[in-house]
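[1] Predicted model, plus sequence, below.
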Amino acid sequence: MSDYQVHTLHPPAAGKWPTDARLFGKKTDSFDGILFRRMAMIRRFEEKLLALFDEGVLNGTTHCCIGQEADCVGVVNSLRLGDHIFSNHRCHGHFLAWTGDVLGLLAEIMGKQAGVCGGKGGSQHLCVPGFKSNGILGGITPNAAGVALAEKLRDTSNISVVFLGDGALGEGIVYETMNLASLWQLPLLFVVENNGWSQSTPLHLNFSGTFKGRFEAFNIRVNELESTDVREITRVAAQTVATVRRDRQPAALVLHTFRLCHHSKNDDSRPLEEVEKRRLLDPIRIQGERLPVAERDGILSDVNAALVEVTNRARELV
Amino acid sequence: MPVNLSDMLFVKALNNTLRSLLERDSRVILLGEDLIDPYGGAFKVTKGLSTDFPHRVLTTPVSEAAIAGVAGGLALAGFRPIAEFMFGDFTTLCFDQVVNHMSKFRAMYDGQVNCPVILRMPMGGGRAYGPTHSQSLEKFYMGVPGLTVAAASVFQNPRPLFETFVAGLNPVFFVEHKLLYAQKCRWPQSGRCGMFETETMASDGFLPTLFLRPVERASCHATVIAYGQSAGVVVKMAERLAMEREIFLEVVIPSQISPVDWAAMEISADSTRRVVICEEGTAGWDWGSEVSAQLHARLFGRLRKPIRRVASDDGLIPSGKQQEEQMLFGEQRALAAVLEVLE
Amino acid sequence: MKPIILPVSEVNSTVFTITEWLVSEGSTVKTGQVLGHAETAKAIYDISAPGEGVFAPLVTASQTGEFQKPLGFLFASLAEHQTWRKQLAEAATQKVPGESNVTDKAAELAAAHKLDLTSLKAGGHLVTRKMVEAEVARLHAASTPRSTLAPLTAPSGIRKLAIIGAGYGATQVLDILAHDASQKVVALFVDYPETWNTTAHDLPVVGGSERLGELFKAGAFEAAIVSISTSVPARTKFRLLCRELGIPLANAIDPSCRIARGVKIGSGNVINAFCFIGTGTVVGDNNFFSAYNSIDHHCQVGSDISTGPGFMVSGLVKLGNALRIGTGVFVQPLLEIGDGVQIASGSVIVGNIPSYHAVKTKIVTTQVTPIH
């Protein structure tokens, strides 16, 4: 583990409610254990959310990131307090990897005042120090650039990170921002999570050219990785974050991944065989196999227990 | 430097305002296209500023959405960005950033952040610049929750307005009619402006509204409400009517046009009971429709005549000078409306 | 004469500064000669003579000029130049709209009365015709000698009254009061200086309403009645004036009237012959009811009302203030008439009338034709 130049985010960034060591990491955890625990937190949360929707407890819509937990944990773990994350409609994983505030997020999705944004933002519009998400695809990208510019004007070593999906690369604002970020040499990291599908539309119907080509057209360095292995992703993410922080230049990290859940709810029309094939590459399974069975099972039961408590608590809160 | 105020051109007053902000508040950043000296902006508003404040006047590519978005990010991070759009017609390109981002951040994030961006741009016709360089599009930004829309006029010193914007926490959409730049300032002095007695009113949290009247309010025959360049046109008409026909109008000039200071709009209308609302935007779904609807509701039964709204024709702003003149708001149509409510 | 124009126009500016003129006014110049320089934000331009002639600048150095507008002129001869200069000087002394502060109508009236406007203009405010009229009236009043006629006296125990106005309304009031042994009219106050020092209706006109306070304080009278019958604004004005001066208003009620039991009447009301006010009705102040008005039971009547004869109001009606009612008007029961309402003669009111509205009638069947 020592050849990873990694910032492990411990303690977590401030959420609305304090997190739980069972969810975010115990002092006794191994490094692999922390990675596994945080991904499990995200996975179980998302599953819980979908179950609550089926129960009729929740209103509106949501966009789960099941299958993409390794991206969330791998990238966010490489950041530090003072950095700024800008995320999109599929933001729970990024949020939880940053704060571990499962209670605040669940209460928010339940529309309660106790939620992260007082029930006003809901699933897609979250905000805590260092974290913002919005539901307009790509729209938050220039805001991320503006914050990066602010850090540059203040001569700090903080960076901005913006998470984009393959679909978001259809929006012009993303390219306007790439141009500006490169022109002005902003400490902005573009993280593209290509999960091959934009809602119901596969990549080949949406996307012309290459991911790398897009960034290189603006002189932005790209690291590209196809993996659901959180250790791999952590390594490449850490390297990329370090270059942005050190060189005060924009960079891009393109992660080829897969979504194992619906786009939002009950709207998965993708071919079943494709989804099933990808299930074999479930990032949680991959990481879990690195741990001794006892440790893995211990972590899973920790997470399950904590989530049951959080759910009950969230139901009580106003 | 002109000796007396009446020689100062509005563009100079605006330039002075931006300069004083840059001098006094290190959070202020200007950004926009072609702002750098010697060009100093398409309408020369920022002339000299990039020379004296080299790291705080940023020239941008032609990317209106990104200009707005980056300004939004700067504001989130505690700066006070002032973004210039070369022509107000181009603000269609940043609509998403204004509506779905900067105006919403504070509310949807439950008050955790503020996004005090100042967006300023020239709007309006009269220069034969054609359909996409002559519009008054501010009406599309009115009624956006969380957004303040304000308009410059030659009667209002821009400096206290901008100081309020910078001290405040809201995003602001500030409209400068392009014909204002080359006009002389006509700020009231000691309660007078030319032949008019003046009064200023501002309810809590609103920018000031200016009242100009040739005689005391009780003797005014009608109220005419107008902002920006239209206000200047209306004032000229009011001067003529007072002198030539002793028809006395009280001209109400708000600097804030959305949300509206209703107490200020009402007070003159409540006295004269005859109201005309003027603007240069195209007719229909315009500023006047909201103001007149509200005033009708508030003053129902007191008005002597229905409120008349005057605007430009609902259509293209043509390039040809005469054609443009015919379809734009002007003194002639304002006069017809005034005479109608006085019948 | 030929105008000198800067032919260039920049996209974004309409103005420039004349940095200098190289030739002086009155000099003869040749075609193409550089006459001066103009500076915009972007460039400095030569101003060239468009022809030959005598040069005169319109915009002086360091001032702003506008594209496409004359900066100066070339004249065919010195004489033409001189004429132009003279006209310019004359125009400068004439009234320029927006710079003078006297309206056209005010100027006209002042000239007709040969009134010097210097003092009126001094305030810096717009001088209107109303102001000129008021000033003329003020001067007229000031120049009219004050009335030397004194109010009449009355034996003790008899209430001394002043009447405001001396027109037809006053004659009606006097007729009503002729039968009233407890009150005596001692003076008339009329706002027409021509009437001062004269006698009207055998009573002294002691001055205008500006003397009311003085004579009241001196004890010349104890209460006043506003006799103006048809003008509601005038009645209101004088009621407010008396209130301000602390002068009580007296009622003048013709003895032929039938005022039922349980009726409350305010002050300053003039009620002409054969009026009826029904039981339980409350009446305000300063109303002028013509003859044969009937206000039935349990009505609420405001103040400053002026009616013609034959105003027939059913019971349980609410009448607002400052009404002007014509002749022969009928009102059904249980209705409400707001303030400031005007009702034309012959109307029959069958529904509520909101404040500040007028009720008009159309004369349908009555025809007026000459007798052959």
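    All right, it came through fine.
[2] Spatially, what comes nearest to A:Lys132 if we skip its sequence neighbours?
    Excluding the flanking residues, the one nearest A:Lys132 by CB to CB, 6 or more residues apart in numbering or on different chains is A:Phe86, at 5.6 Å. All C-beta atoms are positioned from the backbone trio N, CA, C, and that covers glycine.
[3] Hmm, A:Ile159 and that neighbour touching each other?
    No: counting by CB atoms under 8 Å, A:Ile159 is not a contact partner of A:Phe86; they are 11.3 Å apart.
[4] For chain B, which residues score under the pLDDT cut-off?
    Residue ranges of chain B with pLDDT under 70: B:1-6.
[5] Now do the helices in it.
    Taking DSSP state H, the helices of chain B run over residues B:10-24, B:49-52, B:64-76, B:95-96, B:105-108, B:158-167, B:228-245, B:262-272, B:287-298, B:321-327, B:331-342.
[6] so how far is the first one from its chain's centroid?
    Offset of helix B:10-24 from its chain centre (CA atoms, centre = their mean, to the nearest Å): 17 Å.
[7] Tell me if that helix is near chain A.
    No: if you take CB under 8 Å from any CB of the partner chain as the test, helix B:10-24 misses chain A, and the best it gets is 13.8 Å.
[8] Across the sheet, point out what pairs with the residue nearest to A:Lys132.
    Beta-bridge partners of A:Phe86, counted by DSSP bridges, are A:Lys132, A:Val162.
[9] Can you report how many residues lie near the residue in the stretch 101-250 of chain A positioned nearest to chain B?
    Per CB to the nearest CB, A:Gly146 is where the stretch 101-250 of chain A lies closest to chain B, at 1.8 Å. The number of residues packed near A:Gly146 is 32, by other CB atoms under 10 Å in any protein chain shown.
[10] any idea how far B:Ser203 is from it?
    Distance, A:Gly146 to B:Ser203, by CB to CB, to the nearest Å: 33 Å.
[11] Could you do C:Ser182 as well?
    Counting by CB to CB, the gap from C:Ser182 to B:Ser203 is 56 Å.
[12] same deal with A:Pro187?
    Distance of A:Pro187 to B:Ser203, computed by CB to CB: 44 Å.
[13] which one of these two has more residues nearby?
    Higher neighbour count among A:Pro187 and B:Ser203: A:Pro187, with 29 against 14, using other CB under 10 Å.
[14] so B:Pro116 touches B:Gly168, yeah?
    Yes: with contacts counted by CB under 8 Å, B:Pro116 reaches B:Gly168, the gap being 6.0 Å.
[15] Am I right that the residue of the stretch 101-250 of chain A closest to chain B falls within a strand?
    No: secondary structure of A:Gly146 (DSSP: H, G, I helix; E, B strand; the rest coil): helix, not part of a strand.
[16] what about the closest residue to it other than its chain neighbours, neighbour count?
    Of all residues not flanking A:Gly146 in the chain, B:Gly73 sits nearest, at 1.8 Å (CB to CB, 6+ apart). Neighbourhood size, B:Gly73 [other CB under 10 Å]: 33.
[17] re the thing from before, pick out whichever of B:Pro116 and B:Gly168 has more residues nearby.
    Applying other CB under 10 Å to B:Pro116 and B:Gly168 shows that B:Pro116 carries more neighbours, namely 25 against 16.
[18] Would you mind measuring from the more buried one to chain C?
    Computed as CB to the nearest CB, to the nearest Å, the B:Pro116 to chain C distance reads 29 Å.
[19] How about B:Ile82?
    Remark: distance between B:Ile82 and chain C (CB to the nearest CB) = 19 Å.
[20] Which strand residues bridge that residue?
    For B:Ile82, the residues forming beta bridges with it (DSSP bridges) are B:Leu30, B:Ile118.
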